[in-house]
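> pasted the sequence and its predicted model underneath.
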Amino acid sequence: MVDLLGLCSICGKPGAMFTCHLCGKLVCNICFDREHGVCSSCKKGIR
Ligand SMILES: [Zn+2]
Ligand SMILES: [Zn+2]
């Protein structure tokens, strides 16, 4: 497969359009927390 679109670093699905401000990973809107500007993975470490 060719990555024409950004692949989400969390769920691995195409269509990633957000960059986590903490880890810099490209993630999709589902895995991105726009309120904190981080991915769902980094969000677990935020309080
Ligand atoms: Zn995702
Ligand atoms: Zn992150």
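Okay, I see it. Numbering: from 1, shown residues only. Ligands and ions are numbered 1, 2, ... in the order given.

> contacts only, for Leu26.
6-9, 16-20 (C-beta atoms under 8 Å, 6 or more residues apart in numbering). Backbone N, C-alpha and C define where each C-beta goes, glycine included.

> try it again at 6 Å.
Counting by C-beta atoms under 6 Å, 6 or more residues apart in numbering, Leu26 makes contact with 6, 9, 16, 19.

> what is the nearest of these to Lys25?
Within these, proximity to Lys25 (C-beta to C-beta) peaks at Ser9, which comes in at 3.8 Å.

> now name the helix or strand holding that closest one.
Under the assignment given by DSSP states H and E, Ser9 is not contained in any helix or strand.

> just name the lowest-scoring one in the contacts of Leu26, pLDDT-wise.
In terms of pLDDT, Gly6 ranks lowest among the contacts of Leu26, with 87.

> my guess is that residue contacts Ala16. True?
Yes. Gly6 is within contact range of Ala16, at 3.8 Å (criterion: C-beta atoms under 6 Å).

> quick check: residues of the protein near ligand 1?
By the criterion of C-beta under 5 Å from the ion, the positions of the chain lying close to ligand 1 are 8, 10-11, 28, 30-31.

> filter those to the buried ones?
For those, a burial check counting by 16 or more other C-beta atoms under 10 Å picks out 8, 10, 28, 31.

> and this structure, which residues reach ligand 2?
20, 22-23, 39, 42.

> may I ask which of these has the most neighbours?
Each of those was scored by neighbour count (other C-beta atoms under 10 Å); the top score is that of Cys39, with 26 neighbours.

> just the helices in this structure please.
Remark: helices assigned in the chain by DSSP state H are 40-43.

> which stretches of it form strands?
18-19, 26-27, 32-33, 38-39 (DSSP state E).

> how many residues are close by Phe32?
Using other C-beta under 10 Å, Phe32 has 23 neighbouring residues.

> sweet, I'm off.
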